[in-house]
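Colleague: My questions are about this predicted structure, shown below with the sequence.
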Amino acid sequence: MKLTLRAITLFLLLLAAAATASADSVTLTLDNGGSIVSGGVYVGPYNFTSGGQSLQLICDTFQNEVDPPETWTANMFTLGGGTGLFGSTSSAQYQQVAWLAQQMFANITNATMVAEIQWAIWDILDPGSCGTGVSNCNPDGGPPANLSAINTWVTNAENPTNYTNGNYSNVVIYTPLSGWPAGDGTPQEYIGLISTPEPGSLLLIGAGLFSLLAFRRRLSY
């Protein structure tokens, strides 16, 4: 019985470690930029393939460009687990962008809202030469969307009540490795959401396993 309990404890520890792993290198291949265009550029989640899996990721880098079927290597880590193109991913700006990314995926069927949130993300991390957000001095034409709505999203994201109280355990940053691919500059940085076991879920799994063992032990007597 003791050996079995130890094995379960080890299993739960390994599961928790896997859920909180902070960094890895992955290969991303851009399939397409989605179907929503605002201000002359694609907005909202782009479609990728990585390791045979399909991913939908949000671009947070307005200045750089990628074209399908471009492929590159990126560091993948959870929010706060590394350094992105804009500094430490534990910074307030990355938390604000993570909050906006969650709002976008929660409203993914609303194309207008997706476009507004996308430009708000770019305004926070990549303000542009005019210093007031790329949406206000869009080099690709415009207007990208309703500027008032974009600024409202920025204001909401920068509100500490919103971004400091968020749960970002499902937010993943994909930061390109410097100089890849050769001759094409640095690709864009992306944000994605994944499902990861929460500590509470791990406790529930453990409780269930222990209950099954206890029940089996009673039947053996």
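Modeller: The structure has been received and is ready for your questions. Residues are numbered from 1 along each chain as shown.
Colleague: Helices of this structure, start to end?
Modeller: Ranges of helices in the chain, per DSSP state H, are 2-19, 92-106, 111-125, 147-158, 160-163, 199-220.
Colleague: What does the pLDDT read for the nearest residue in space to residue 75 that is not next to it in sequence?
Modeller: Residue nearest to residue 75 in three dimensions, not counting chain neighbours: residue 175, with 4.9 Å by Cβ to Cβ, 6 or more residues apart in numbering. Where you see a C-beta, it was placed from the backbone N, CA and C, and this is true even at glycine. Note for residue 175: predicted pLDDT of 94.
Colleague: Contact partners for residue 175?
Modeller: By Cβ atoms under 8 Å, 6 or more residues apart in numbering, the residues touching residue 175 are 74-75, 77, 82-85, 189.
Colleague: Next: residue 154.
Modeller: 120, 123-124, 133 are the contacts of residue 154 under Cβ under 8 Å, 6+ apart.
Colleague: ok, so of these, who is nearest residue 149?
Modeller: residue 120 (8.7 Å; Cβ to Cβ).
Colleague: Reformat the contacts of residue 154 into CSV and put distance to residue 67 next to each item.
Modeller: Shown next, in CSV, are these (distance: Cβ to Cβ, whole Å):
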residue, distance to residue 67
120, 24
123, 24
124, 25
133, 25
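Colleague: Which one (most neighbours) among those residues?
Modeller: When neighbours are counted by other Cβ atoms under 10 Å, residue 120 leads those with 27 neighbours.
Colleague: And that one, how close does it get to residue 30?
Modeller: Between residue 120 and residue 30 the distance is 23 Å, computed by Cβ to Cβ, to the nearest Å.
Colleague: And residue 101, by the same measure?
Modeller: 18 Å.
Colleague: quick one, which of those two is more surrounded?
Modeller: The neighbour comparison of residue 101 against residue 30 (other Cβ under 10 Å) goes to residue 101, with 28 against 20.
Colleague: ok, for the more buried one, nearest residue in space, not its chain neighbours?
Modeller: Nearest one to residue 101, counting by Cβ to Cβ, 6+ apart, is residue 191 at 4.8 Å.
Colleague: which residues does the one you found contact?
Modeller: Going by Cβ under 8 Å, 6+ apart, the list of residues near residue 191 reads 57-58, 60, 97-98, 101, 121, 171-174.
Colleague: Let's see that with 7 Å instead.
Modeller: By Cβ atoms under 7 Å, 6 or more residues apart in numbering, residue 191 lies in contact with 57-58, 60, 97-98, 101, 171, 173.
Colleague: Local confidence estimate at it?
Modeller: For residue 191, pLDDT reads 97.
Colleague: Repeat that for residue 23.
Modeller: 63.
Colleague: Check residue 69 too.
Modeller: Note on residue 69: pLDDT of 93.
Colleague: With residue 196 instead?
Modeller: Per the predicted model, pLDDT is 52 at residue 196.
Colleague: Low-confidence stretches in the protein?
Modeller: 1-23, 127-132, 141-145, 178-185, 195-221 (pLDDT under 70).
Colleague: Pull the contacting residues for residue 61.
Modeller: 85, 126, 188-189.
Colleague: Closest to residue 152 out of these?
Modeller: In terms of Cβ to Cβ, no member of those lies closer to residue 152 than residue 126, at 18.8 Å.
Colleague: Isn't that closest one up against residue 62?
Modeller: Yes: judged on Cβ atoms under 7 Å, residue 126 makes contact with residue 62 at a distance of 4.4 Å.
Colleague: which of these two has more neighbours?
Modeller: Remark: of residue 126 and residue 62, residue 62 carries more neighbours, 23 against 19, as counted by other Cβ under 10 Å.
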